[in-house]
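Colleague: Next input, structure requested:
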Amino acid sequence: MMQHLMYLLGHFGYFGIIIALMGGIIGLPIPDEILLTYIGYLVFNDQLNYMTSLVSAVTGAIGGISISYLLGGKFGLPFLRKFGPKFHLTEKRINKTKLLFSKVGPFLLFIGYFIPGIRHVTAYLAGINGLSYKKFAVYAYSGAIVWCFTFITLGTKLGREWKKVGIYLTDYSLYIIILVVLLLLIFAFVYFKKSKNSGKFV
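Modeller: Presented below is the predicted three-dimensional model:
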C-alpha cells in the first residue's frame, strides 16, 4: 500500500495528499499516520513545502470526514452496515464507536483521529445522530488540524527515521491515546471554564 501512496505523491504531489487523506478518512485501507509521517519526511528532505503539505493534508482530512458525515445523515445506519465492510468498517468497529459516541459525544470527533479504527466511523455516526453541521465542523475540523500537524511535524523531526512511527504506534499506541485524551480533557476544561465565565458556549 505504501508503494502505491509513494507513487501517488510522486506523480500528483499536493493533490495526491488530498486524495489519499480523503480516501483514508472515508474508510479505505490507508495507513494514515504513516502516510502523514512520510509527508513530513518529504518536507525534511526538501521535496515538499511544510505549510502547503499541512494545508493539503487538512483539506483531504476535512473533505473525507465531511463526505462521511453527509452520507451518514442522508442514508443512516443501514447504509453504514451494508457498505461499511467494503471499506473495512466492520460491525465490531461500528458498535465500538457507537458506544464511545454515546459516552463522549461530539468530542469523539476530535480525539477519534488518534484512535485506530475509530476516526473512520465517527463522522458517519455524527450524521446518523443528527448532530448539527456547525457543531460537527467545530470538533471534526479542529481535530483534523491537530492530527495532521502532529504527524507531519513528527515526520520532519524523525527525518530518515520516519518509518519508526509504525513501531511507536504499535508498541505505544495505548499510551499515546491516554496522553492525547488527558491533554484534550485539560484543554476542554480550560476552554469551557473560560466560556462559562464569558457567558458564551459553542
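Colleague: Can you tell me how far the residue nearest the centre of the chain is from L36?
Modeller: The centroid of the chain falls nearest to Y113 when counting by C-alpha atoms, centre = their mean (3.4 Å). Using C-beta to C-beta, to the nearest Å, one obtains 10 Å as the distance from Y113 to L36. Placement of C-beta: from N, CA and C, glycine included.
Colleague: Residues that sit against both of these two, list them.
Modeller: With contacts taken as C-beta atoms under 8 Å, 6 or more residues apart in numbering, Y113 and L36 have W147 as neighbours in common.
Colleague: just to revisit the earlier point, what kind of secondary structure is the residue nearest to the centre of the chain in?
Modeller: Using DSSP: H, G, I helix; E, B strand; the rest coil, the structure places Y113 in helix.
Colleague: isn't it right next to G143, touching?
Modeller: Yes. Y113 is within contact range of G143, at 5.0 Å (criterion: C-beta atoms under 8 Å).
Colleague: next helix or strand past the helix or strand containing I62?
Modeller: Using DSSP states H and E, the element containing I62 is helix 50-83. Counting by DSSP H and E, the element after helix 50-83 in chain order, helix or strand, is helix 91-104.
Colleague: since we're on K103, how many residues are nearby?
Modeller: When neighbours are counted by other C-beta atoms under 10 Å, K103 registers 9.
Colleague: Offset the numbering so it begins at 44, please.
Modeller: New numbering, starting at 44: the last item is K146.
Colleague: Could you report the separation of it from L51?
Modeller: Separation of K146 from L51 (C-beta to C-beta): 37 Å.
Colleague: just Y93 next, same as before
Modeller: Y93 is 19 Å from L51, by C-beta to C-beta.
Colleague: Repeat that for I77.
Modeller: In terms of C-beta to C-beta, I77 sits 14 Å off from L51.
Colleague: Check S99 too.
Modeller: According to C-beta to C-beta, S99 and L51 sit 12 Å apart.
Colleague: Comparing these two, which residue is more hemmed in?
Modeller: Neighbour totals were compared for S99 and L51, and S99 leads with 24 against 17 (other C-beta under 10 Å).
Colleague: for that one, what are its contacts?
Modeller: 57-58, 60-61, 64.
Colleague: Please point out which parts of stretch 68-88 sit buried.
Modeller: Using 16 or more other C-beta atoms under 10 Å as the test for burial, stretch 68-88 gives 68-71, 73-87.
Colleague: mind listing which of those residues are in helices?
Modeller: 68-69, 75-87 (DSSP state H).
Colleague: who's in contact with stretch 177-189?
Modeller: 101, 104-105, 108-109, 112, 149-150, 152-156, 165-166, 169-170, 245.
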